[in-house]
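In: here you go, sequence then predicted model.
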Amino acid sequence: MYKEGDYVVKSSTGLCRVEGTVWMEGLDHTDQEFLVLVPLTDDRTKIYTPLPRVEETIRRVLDAAEAEEILSADESDALFTVKNERLRETDYKVALRSNSPRMLLSLVRSLYQRRMDRVAQGKKPTSLDEHYLRLSEELLSSELAFALGCEKKEITDRIAAMIS
């Protein structure tokens with residue numbers, strides 16, 4: 001279990017510091033224990049996650065060795081694929097909620113590749129792709145930078161170099 005001061009990754013939010021636990025009335029009107037998280041991007045916000053759901057939505061932060069392993073992923077690693085164009089955004093959301101750094105890297109690489117392909121065809125990147133590229137890149141680069149003790153820019157540059 002996580003304790004006060006631990007750093008964790010919450011799906012769709014990113015890096016958070018555990019502030020502790022608190023008992024509150026849950027949605028089912030019974031008292032439940034909640035884990036209190038503070039996102040590193042906004043220390044004025046608090047996120048309350050019911051303890052029974054913690055394992056579904058929260059994981060520990062990668063260590064430096066795991067972060068390096070992800071960044072040294074082979075180009076032959078599978079790119080994120082969309083099975084149905086009409087469900088593209090749904091697939092992107094599922095990837096973001098997966099809370100998997102490998103899935104996020106796959107999504108970022110695929111969106112970068114899609115952007116380059118569209119530009120090569122004389123088309124603009126879609127706003128949907130750009131939106132999810134920014135989100136996934138922010139979630140991934142902030143965790144990897146935290147794990148490696150470097151700046152996010154360094155991580156985004158390394159990811160861009162993997163794709164070029």
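Out: Structure received. Everything numeric here is computed off the predicted structure, so don't read it as measured data. Numbering: from 1, shown residues only.

In: name the SS class of the most centrally placed residue in the chain, please.
Out: Ranked by distance to the mean C-alpha position of the chain (Cα atoms, centre = their mean), the top residue is L139 at 3.6 Å. Put simply, L139 is helix when judged by DSSP: H, G, I helix; E, B strand; the rest coil.

In: can you list contacts of stretch 60-79?
Out: Contact with stretch 60-79 is made by 2, 6-9, 15, 101-102, 105-106, 109-110, 113, 143-144, 146-149, 155, 158-159, 162, as judged by Cβ atoms under 8 Å, 6 or more residues apart in numbering. C-beta coordinates here come from the backbone N, C-alpha and C atoms, glycine included.

In: show me the domain layout of this protein.
Out: For the chain, the structural domains run 7-60, 64-163, going by automatic domain parsing.

In: turn those domains into CSV, including mean pLDDT.
Out: Converted to CSV, the domains of the chain look like this (pLDDT from 0 to 100):
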stretch, mean pLDDT
domain 7-60, 91
domain 64-163, 91
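
In: thinking again about what came up before, contacting residues around the residue nearest to the centre of the chain?
Out: Neighbours of L139 in contact, by Cβ under 8 Å, 6+ apart: 12, 14, 96, 104.

In: now do 10 Å
Out: 9-15, 96, 99, 101, 104, 107-108 (Cβ atoms under 10 Å, 6 or more residues apart in numbering).
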